[in-house]
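K.L.:
coords below, sequence missing:
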Ligand SMILES: NC(=O)C1=CN([C@@H]2O[C@H](COP(=O)(O)OP(=O)(O)OC[C@H]3O[C@@H](n4cnc5c(N)ncnc54)[C@H](OP(=O)(O)O)[C@@H]3O)[C@@H](O)[C@H]2O)[C@H](O)CC1
Ligand SMILES: [K+]
């Protein structure tokens, strides 16, 4: 599991270590330099291989002893190492604080490995010791005030690698001038340059992101890789900032395993904190966490103990959603799936999934709404063939409006698409709403918030939490990076390829989640934080299934469902 430490928690972790004389900055700078050297060497090896037209090996001479090229001696491809980086050009963007200090010390390492390194000081102030060390080894120093922005952009454009060391966890708000103007120009130049832009490494965080909430308050230079120190920060795993951080690599500098624990002096560790201590931690599930959560059946299990999923989805107009949601549920391993809806749709469901029971009865979790049209209050009788009535009935059982002695007990539910417009009562946390940004904006407007899709996409964490507080439900806000906010920890998952943005993928996700909730139904009703964890697990499985089915190309929603069994087997290590 990965969780992210707030900037306050990072500072609290640093203090005792600094007091104990632990060389945090030296560790950070060394780790950063190693990553940069590795990446520069790898890119140069790839460039050479492309130029040489051979598989990365190097031919010594064009003719071998007998004059036949085929026998020419080949030197094996050299691992990225000492000789591959000499002469490479690096530009450091240096801010006034310790983030700039990390960057200058790392730059000194690069100079010593033979790179040509220029430090551009964006501010009149700079980390004194770091600057002294950088100069001592022969680094070149320039100031933004002297060079001016266009010249700095050209210097960066001509480099092999650029390090963004303007601000780190000490930043507040959008980048101020002059850093803001420089970054805006660099970001524009990068956008225009395509893949001709140098490898961009963010130091600790991409300068200018919302460290604790993932917001993008102003210009940010998109990174290919972020090298972060001690612990992940929420802004690196929360959208939209997660989308500009590139690959995130953690350098251990001796933080404890959890915030507030006794400091350590060495040893690799993952460790974290919370974007908002009151509202729990920011976590990212990995396969091992999902394996722990999975309701794996035992010899004594049967379809009822494994959980029955009730699916109210689709109409005569949108029958496909019913096929996709039931397929997602069946292929995730439900004990049984009941389909409720128009007969014409039930027939199509059975054709696709003969395992489905087209009849009512006890369920351990509901999947409500895929393919059901939104309820238009001005429309006196929606032509949804009774689907709204079925959804209201199911919700009455989930919210407890229908007493439990009548319903046999409350069960979890996935509330998707049209069902999102049918919420009349406060929901329990074991009800999981699965909107995309537009649907969440619609729901929030219905609750009195003046917000649109763009606003939700700009602050997904904030609005997902707001919707949880307003409805009581757990919110699974779908997106390239999906955010799940419930009463406990927040989860953020980025497992799916962009190909997943295709019609019906959300219907499949609803089915996957329905099965997970049904498999842990009683626990999810008892432990109000479990539904969010199961929702994050469903997102991870869905994303991996999409990756598997896509194989790097387009993917149809039904193929995502079909890939789920193999993904689950892989996750369970079987
Ligand atoms: N503490 C340690 O030993 C280690 C720290 N690490 C690295 O340090 C940074 C955090 O360093 P810090 O000095 O606290 O702050 P920053 O370098 O991130 O930035 C502070 C300076 O930036 C200016 N600032 C703040 N907000 C903005 C903004 N929106 N636009 C422009 N400039 C901004 C701020 O100026 P003020 O006028 O507000 O003072 C400061 O001058 C951390 O990220 C690590 O990289 C090591 O990792 C470990 C050791
Ligand atoms: K930075």
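P.N.:
Structure received. As the structure is a prediction and not an experimental result, all values here were calculated from the model. Ligands and ions are numbered 1, 2, ... in the order given.
K.L.:
what about the helices in the stretch 151-300 of the chain?
P.N.:
Here the stretch 151-300 of the chain has its helices, by DSSP state H, counting those that start in this stretch, at 179-193, 234-237, 287-293.
K.L.:
Let me see the contact set for whichever residue of the stretch 251-400 of the chain sits closest to ligand 2.
P.N.:
For the stretch 251-400 of the chain, the residue closest to ligand 2 is residue 251, as judged by Cβ to the ion, at 13.5 Å. In short, each C-beta sits where N, CA and C put it, glycine included. Going by Cβ atoms under 8 Å, 6 or more residues apart in numbering, residue 251 touches 27-28, 31-32, 35, 227-230.
K.L.:
so which of these are also by ligand 1?
P.N.:
28, 229 (Cβ under 6 Å from any ligand atom).
K.L.:
returning to what we had before: check which helix or strand the residue lying closest to the residue of the stretch 251-400 of the chain closest to ligand 2 once chain neighbours are set aside maps to.
P.N.:
Using Cβ to Cβ, 6 or more residues apart in numbering and skipping residues adjacent in sequence, the residue nearest residue 251 is residue 31, 3.2 Å away. Using DSSP states H and E, the element containing residue 31 is helix 24-52.
K.L.:
just to revisit the earlier point, switch the contacts of residue 251 over to CSV; also include pLDDT.
P.N.:
Output for the contacts of residue 251, formatted as CSV (pLDDT from 0 to 100):
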residue, pLDDT
27, 92
28, 95
31, 94
32, 97
35, 95
227, 98
228, 97
229, 96
230, 92
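K.L.:
Name only those of the contacts of residue 251 that count as buried.
P.N.:
Applying 16 or more other Cβ atoms under 10 Å to the contacts of residue 251, the neighbour count classes 27-28, 31-32, 35, 227-230 as buried.
K.L.:
biggest separation within these, which pair?
P.N.:
35 and 230 (14.9 Å; Cβ to Cβ).
K.L.:
any idea which helix or strand of the protein has the worst average confidence?
P.N.:
strand 58-59 (a mean of 36; mean pLDDT, DSSP states H and E).
K.L.:
Tell me the one among the contacts of residue 251 nearest to residue 341.
P.N.:
Using Cβ to Cβ, the contacts of residue 251 come closest to residue 341 at residue 228, 48.0 Å.
K.L.:
residues contacting that closest one?
P.N.:
So residue 228 contacts 204-205, 236, 248-251 (Cβ under 8 Å, 6+ apart).
K.L.:
circling back: Throw the contacts of residue 251 into a markdown table and include distance to ligand 2, thanks.
P.N.:
What follows is the contacts of residue 251, written out as a markdown table (distance: Cβ to the ion, whole Å):
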| residue | distance to ligand 2 |
| --- | --- |
| 27 | 17 |
| 28 | 12 |
| 31 | 15 |
| 32 | 11 |
| 35 | 14 |
| 227 | 10 |
| 228 | 9 |
| 229 | 11 |
| 230 | 14 |
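K.L.:
Just give the nearest non-adjacent residue to the residue nearest to the spatial centre of the chain, would you?
P.N.:
The centroid of the chain falls nearest to residue 494 when counting by Cα atoms, centre = their mean (3.1 Å). Spatially, and ignoring its direct neighbours in sequence, residue 494 is nearest to residue 481 (4.5 Å; Cβ to Cβ, 6+ apart).
K.L.:
Any chance of the backbone angles for that neighbour?
P.N.:
phi -120, psi 120 (degrees, to the nearest 10).
K.L.:
ditto for the one 5 residues further on
P.N.:
Residue 486 adopts backbone torsions of phi -130, psi -160, taken as degrees, to the nearest 10.
K.L.:
And for residue 93?
P.N.:
phi -100, psi 110.
K.L.:
residues contacting it?
P.N.:
Here residue 93 is in contact with 103, 120, 122, 152, 156, 162-166, 182, 207 (Cβ under 8 Å, 6+ apart).
K.L.:
Could you identify which of the residues you listed has the most neighbours?
P.N.:
residue 165 (33 neighbours; other Cβ atoms under 10 Å).
K.L.:
residue contacts, the closest residue to ligand 1 within the stretch 1-150 of the chain?
P.N.:
For the stretch 1-150 of the chain, the residue closest to ligand 1 is residue 97, as judged by Cβ to the nearest ligand atom, at 2.4 Å. With contact taken as Cβ under 8 Å, 6+ apart, residue 97 is in contact with 127, 167-168, 170.
K.L.:
if we take those, which one ends up nearest to residue 453?
P.N.:
Of the contacts of residue 97, the one sitting nearest to residue 453 (Cβ to Cβ) turns out to be residue 167, at 29.4 Å.
K.L.:
Quick check: that closest one touching residue 95?
P.N.:
Yes. Assessed by Cβ atoms under 8 Å, residue 167 is found in contact with residue 95 at 5.0 Å.
K.L.:
Identify the contacts common to the two.
P.N.:
With Cβ under 8 Å, 6+ apart, residue 167 and residue 95 have common neighbours 179, 207.
K.L.:
Just confirm residue 230 contacts residue 254, I think it does.
P.N.:
Yes. Contact status for residue 230 versus residue 254: in contact at 7.5 Å, counting by Cβ under 8 Å.
K.L.:
Would you mind listing the residues touching both of those two?
P.N.:
In contact with both residue 230 and residue 254: residue 24, using Cβ under 8 Å, 6+ apart.
K.L.:
that older thread, looking at the contacts of residue 97, which is nearest residue 329?
P.N.:
For the contacts of residue 97, the nearest to residue 329 is residue 168 (44.9 Å; Cβ to Cβ).
K.L.:
just to revisit the earlier point, the contacts of residue 93: which ones sit near ligand 2?
P.N.:
164, 207 (Cβ under 5 Å from the ion).
K.L.:
quick check, nearest of the contacts of residue 93 to residue 241?
P.N.:
residue 207 (11.2 Å).
K.L.:
how about the nearest residue to that closest one, chain neighbours excluded?
P.N.:
That would be residue 166: by Cβ to Cβ, 6+ apart, it lies 3.8 Å from residue 207.
K.L.:
any idea how far residue 93 is from residue 187?
P.N.:
12 Å (Cβ to Cβ, to the nearest Å).
K.L.:
now do residue 47
P.N.:
25 Å.
K.L.:
higher neighbour count, these two?
P.N.:
The neighbour count for residue 47 versus residue 187, taken as other Cβ under 10 Å, is higher for residue 187 (16 against 11).
K.L.:
where do the strands sit along the stretch 401-550 of the chain?
P.N.:
413-415, 431-433, 474-477, 482-485, 490-493 (DSSP state E, counting those that start in this stretch).
K.L.:
who does the last one pair up with?
P.N.:
Using DSSP bridges, the strands paired with strand 490-493 are strand 282-284 (parallel), strand 482-485 (antiparallel).
K.L.:
same check, this time on the first one
P.N.:
Applying DSSP bridges, strand 413-415 is found paired with strand 365-368 (parallel), strand 431-433 (parallel).
K.L.:
any residues touching the very next helix or strand once past the longest one, and which ones?
P.N.:
Looking back up the chat, that one is strand 365-368. Per DSSP H and E, the first helix or strand lying C-terminal to strand 365-368 is helix 387-399. Residues from elsewhere that reach helix 387-399, judged by Cβ under 8 Å, 6+ apart: 310, 312-315, 340-342, 366, 368-369, 372, 375, 382, 401-402, 407, 410-413, 415, 418-419, 422-428, 430-431.
K.L.:
Buried among those? Need that as a selection in ChimeraX.
P.N.:
In ChimeraX, this line selects whichever of the contacts of helix 387-399 come out buried by 16+ other Cβ under 10 Å:
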select :310,312,313,314,315,340,341,342,366,368,369,372,375,382,407,410,411,412,413,415,418,419,422,423,427,428,430,431
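K.L.:
Pretty sure residue 492 is one of the things the residue nearest to residue 494 touches, is it not?
P.N.:
Yes. Assessed by Cβ under 8 Å, residue 481 is found in contact with residue 492 at 5.8 Å.
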